[in-house]
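[1] compute the structure for the input listed below.
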Amino acid sequence: MTKTNYLQITLRGLYFGADQRARQFRYSLLAFDLAAIVLFLVSSFAEGRWWIVLLDFGLGALLLIEFSARIYAENDRRRHLLSFATLADVLVISSLLLPAILENFAFLRVFRALRLLRSYHLLRDLRADSDWFRLHEDVIQRTLNLGVFIFVVTSSVYVSQHSTNPQIVNYVDALYFTITTLTTTGFGDITLQGPGGRLLSVLIMVVGVGLFLRLLQVLFRPNKVRYECDDCGLVLHDADAVHCKHCGRVLHIVTEGTA
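    Residues are numbered from 1 along each chain as shown. Model (predicted):
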């Protein structure tokens, strides 16, 4: 076996294997991506500092190494390269290595965490290793969807306004505007400037409010409950279901009723 083949087999084992070493490797990737998101939040308070530029460049180099290793481990590289997750990774790495050109795409690094948590292998690891995750998986997934939605909208506000709008100084200002807009509170003390800012405000109000309320409803009042049918094994059912939609068996779902 050549060194090239050995390296490829080793990487495939780490990315797609089922042993303890592979699980720990994928958990470390998730922690690394979450740290990248935290770095973006911190950098909004220290913009222009020399160490932020060096930190971004170092992070970009590490992400490029990980990205290259993942591509090398893939069996179907062409399909993987054409995926949306890969495109997001390329934009993330570019935004870190070329900040002067692609600074406004820095918020896309959040998609790495979303992609990893939705990965089949990572979900399989979490289900196997954590009873708490199995019990609350649906709530965790919905909370993640809501958090990513707010993060992406807030990041869009921040990267499009912080250099021209004196009211958007850091990420907290952008988050404050986003939450007041999505909840239709609208205090009016912060407004987006310029035609682009007004169009973004309209987009958040027209599209964002509906999605935000829908995500909240799904989180706090899910329309499906998890109950395994004894006959066919169907897991998700309507909250007020009496019979299994797949096989017709009578279900005994504990429920307080629905409005």
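[2] neighbours of residue 19, how many?
    Residues lying near residue 19 (other Cβ atoms under 10 Å) number 10. Bear in mind the C-beta positions are built from the backbone N, C-alpha and C, glycine included.
[3] do residue 66 as well
    16.
[4] could you list the low-pLDDT ranges of the stretch 1-150 of the chain?
    1-4, 47-48, 99-118, 120 (pLDDT under 70).
[5] which stretches of it form helices?
    Under the criterion DSSP state H, counting those that start in this stretch, the stretch 1-150 of the chain contains helices at 3-16, 20-43, 50-73, 77-81, 84-97, 99-102, 110-117, 120-129, 131-161.
[6] redo those helices as CSV? Include distance to residue 181.
    CSV is the format used below for the helices of the stretch 1-150 of the chain (distance: least, Cβ to Cβ, whole Å):
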stretch, distance to residue 181
helix 3-16, 39
helix 20-43, 20
helix 50-73, 28
helix 77-81, 37
helix 84-97, 25
helix 99-102, 26
helix 110-117, 19
helix 120-129, 32
helix 131-161, 9
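[7] out of those helices, nearest to residue 167?
    With Cβ to Cβ as the criterion, residue 167 lies closest to helix 131-161 of the helices of the stretch 1-150 of the chain, at 7.9 Å.
[8] and the angle for the closest one with helix 120-129?
    140 degrees (axes from the mean of the first three to the mean of the last three Cα atoms, to 10 degrees).
[9] tell me the mean pLDDT for the helix or strand immediately after helix 131-161 in the chain?
    Per DSSP states H and E, the first helix or strand lying C-terminal to helix 131-161 is helix 171-182. The average of the pLDDT scores along helix 171-182 is 89.
[10] please enumerate residues in contact with helix 171-182?
    40-41, 44-45, 150, 153-155, 157-158, 161-162, 167-168, 185-187, 190, 192, 201, 204-205, 208-209, 212 (Cβ atoms under 8 Å, 6 or more residues apart in numbering).
[11] PyMOL command for the buried members of those?
    Here is the PyMOL command that selects the buried residues among the contacts of helix 171-182 (16 or more other Cβ atoms under 10 Å):
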select buried, resi 40+41+44+150+153+154+155+157+158+161+162+168+190+192+201+204+208+212
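[12] which of the helices of the stretch 1-150 of the chain sits closest to residue 234?
    helix 131-161 (15.1 Å).
[13] tell me what the closest one is packed against?
    Applying 3 or more Cβ pairs under 8 Å, 6 or more residues apart in numbering; DSSP states H and E, one finds that helix 131-161 contacts helix 110-117, helix 120-129, helix 171-182, helix 194-203, helix 209-220.
[14] list the buried residues in it.
    142, 145-146, 148-161.
[15] turn the helices and strands packed on helix 131-161 into a markdown table, columns for distance to residue 56.
    A markdown table is the format used below for those (distance: least, Cβ to Cβ, whole Å):
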| stretch | distance to residue 56 |
| --- | --- |
| helix 110-117 | 15 |
| helix 120-129 | 26 |
| helix 171-182 | 15 |
| helix 194-203 | 24 |
| helix 209-220 | 30 |
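[16] out of those helices, nearest to residue 5?
    Comparing the helices and strands packed on helix 131-161 by Cβ to Cβ, helix 120-129 comes nearest, at 22.0 Å.
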